[in-house]
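Asks: The following block contains a protein sequence and its predicted model.
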Amino acid sequence: MFVILFKSRLSDQAGEEYYATEDRMRERVREIAGSDLVDVKQYTAEDGERLAVVMWRDAETLEKWRSDPDHLVAQRLGRERWYSAYELTVAEVVRTSAHGTAPVAAEEQRTTTA
């Protein structure tokens, strides 16, 4: 399993086109990864720094995403227009431990719908 951390700050040019592309890339990553994509979470700090945390099972589908033509275009546009700064970290998971019988995300879903 892999953990991808994408920290970023948006530039003043990141408007509607950025958000539309972000939505398309979210759909595209799920198409490519299928069941290999474990989880995607996004957070924005008070100071505007953004963090996306992606859990991915398989190196092969991760490489498909990395080299996807639509994703490459979005990356180029991000560097040229939308991000004032970003940092990407890809790490292989050595160990995971948890407490309780259900994953936290599933537990949150259950309490929200109850």
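Replies: It's in.
Asks: So Y18: helix, strand or coil?
Replies: Classification of Y18 using DSSP: H, G, I helix; E, B strand; the rest coil returns helix.
Asks: now the helices: where do they sit in the chain?
Replies: 16-33, 59-66, 69-77, 104-113 (DSSP state H).
Asks: Tell me who's in contact with L51.
Replies: By Cβ atoms under 8 Å, 6 or more residues apart in numbering, the contact set of L51 is 5-8, 42-45. Where you see a C-beta, it was placed from the backbone N, CA and C, and this is true even at glycine.
Asks: Could you check how far it is from E60?
Replies: Using Cβ to Cβ, to the nearest Å, one gets 26 Å for the distance from L51 to E60.
Asks: repeat for Q42
Replies: Distance, Q42 to E60, using Cβ to Cβ: 25 Å.
Asks: Of those two, which one has the most company?
Replies: Taking neighbours as other Cβ atoms under 10 Å, Q42 and E60 compare with Q42 leading, 12 against 8.
Asks: any idea how far the more buried one is from S97?
Replies: 24 Å.
Asks: helices and strands of this protein: which one bottoms out on pLDDT?
Replies: helix 104-113 (a mean of 44; mean pLDDT, DSSP states H and E).
Asks: one step back: got the helices of the chain as CSV, with distance to M1 columns?
Replies: Below are these laid out as CSV (distance: least, Cβ to Cβ, whole Å):
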stretch, distance to M1
helix 16-33, 12
helix 59-66, 10
helix 69-77, 20
helix 104-113, 15
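Asks: Out of these, which gets nearest to T89?
Replies: helix 59-66 (13.3 Å; Cβ to Cβ).
Asks: Isn't D68 up against R28?
Replies: Yes. With contact defined as Cβ atoms under 8 Å, D68 counts as touching R28 (6.7 Å).
Asks: neighbours of the nearest residue to M55 once chain neighbours are set aside, just the number please.
Replies: With Cβ to Cβ, 6 or more residues apart in numbering as the criterion, M55 has its nearest non-adjacent residue at 3.8 Å, and that residue is V38. When neighbours are counted by other Cβ under 10 Å, V38 registers 17.
Asks: Noted, bye for now.
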